[in-house]
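Chemist: Sequence plus predicted model, see below.
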Amino acid sequence: MSAPIRLGHIDLSFHAASAAVVQAILEDRGHQVVVSSAPHEAMFQHFGAHEVDMLVSAWLPASHEAYLAPHLERTIKLGVLYQPFCLWGVPDYVPLERVGSVSDLLKPEVLARMERRIQGINPGAGISRFSQAIVREYGLDAAGYHFEPGSEADCFDGFERAVAERRWRVLPLWQPQYLHHRYRIRPLDEPRGLLGGVDQATLIMRKELEPVLAPELVAMLAGLQLGNAAVTELDYRIRVEGIAPLAAARAWLAKRAACP
């Protein structure tokens, strides 16, 4: 039996969701899989240090290209799983005519209601880098806004508490993500393009792994397309319903196979 395939993903639940789909496919074709996770930049360092064979996934080009760049020579880009993008959003009860764009956050009537802390996740995430640039480039810092990195619980649970209390709050987020399955979050216009646009969530592997995989399996992985809606749903099943990532992935694959 060949050595286990070391499958890595960034340690956020929606990355675990898409990684679990890849894990299920590999296991169904007879491969043993060992899964690991780490923060954004650290996971790419593991990939470059030969500690991970396959990574689900690299958001290219905006979010993760700088992390992948040192390792491109030994990397195969298999295919695009979904098309993520970053956003600054507000709950839909915040009136569109009051807050439709990032620059609207400086309106006096908005300053009277909006929380100044922009609570994010860990500092290595693309959305965290982008958010820091937005606060600076739009002059929001002069009005007291500040970006604060933190945990998933700080960001996501804090948003849910704010919604329960009908508070005005900006959420630095992305698609796909489980909060979109439960709430209507309206993206703010950000005309300067500091949020990086639409990325390609690309399944990557080290070149050394290719001879281990059957050509038809490589082709299957290269053609695997989950889509934003499916990853959002899987993330919700994992984070809110408490289903294990692999169980959620297998249920999704079974449902897809049953569709004509």
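Modeler: In hand now; what should we look at?

Chemist: residues contacting H15?
Modeler: Contact partners of H15, counting by Cβ atoms under 8 Å, 6 or more residues apart in numbering, are H9, S37, V56, S57. All C-beta atoms are positioned from the backbone trio N, CA, C, and that covers glycine.

Chemist: Apply 7 Å and report the result again.
Modeler: H9, V56 (Cβ atoms under 7 Å, 6 or more residues apart in numbering).

Chemist: Let me know the helix or strand that it is in.
Modeler: Per DSSP states H and E, H15 falls inside helix 13-28.

Chemist: Distance from that helix to the middle of the chain?
Modeler: Distance, stretch centre to chain centre, for helix 13-28: 14 Å (Cα atoms, centre = their mean, to the nearest Å).

Chemist: mean confidence for that helix?
Modeler: The pLDDT scores in helix 13-28 average 96.

Chemist: so where is this structure shaky, pLDDT-wise?
Modeler: Scanning the chain for pLDDT under 70 picks out 1, 260.

Chemist: So what's the residue count around A244?
Modeler: 12 (other Cβ atoms under 10 Å).

Chemist: Buried ones in the helix holding H15, by neighbour count?
Modeler: By 16 or more other Cβ atoms under 10 Å, the buried positions in helix 13-28 come out as 13-26.

Chemist: need those in TSV with distance to A258, can you?
Modeler: Listed next are those as TSV, based on distance: Cβ to Cβ, whole Å:
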residue	distance to A258
S13	25
F14	24
H15	26
A16	24
A17	20
S18	20
A19	23
A20	19
V21	16
V22	20
Q23	20
A24	15
I25	16
L26	21
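
Chemist: what sits opposite I118 in the beta ladder?
Modeler: For I118, the beta-bridge partners under DSSP bridges are F147.

Chemist: What residues does it make contact with?
Modeler: Taking Cβ under 7 Å, 6+ apart as the test, what I118 contacts is S131, V135, Y145, H146, F147, E148, V170, P172.

Chemist: coming back round to it: from the buried residues of helix 13-28, which is closest to R192?
Modeler: F14 (26.3 Å; Cβ to Cβ).

Chemist: ok, that closest one to L203 distance?
Modeler: Distance of F14 to L203, computed by Cβ to Cβ, to the nearest Å: 14 Å.

Chemist: quick revisit: report all helices and strands that the helix or strand following the helix holding H15 contacts.
Modeler: Following helix 13-28 in sequence order, the next helix or strand is strand 33-38 (DSSP H and E). In terms of contacts (3 or more Cβ pairs under 7 Å, 6 or more residues apart in numbering; DSSP states H and E), strand 33-38 is packed against strand 5-10, helix 13-28.

Chemist: quick check: angle from strand 33-38 to helix 13-28?
Modeler: 160 degrees (axes from the mean of the first three to the mean of the last three Cα atoms, to 10 degrees).

Chemist: quick one, phi psi at C155?
Modeler: Dihedral pair for C155: phi -80, psi -60, per degrees, to the nearest 10.
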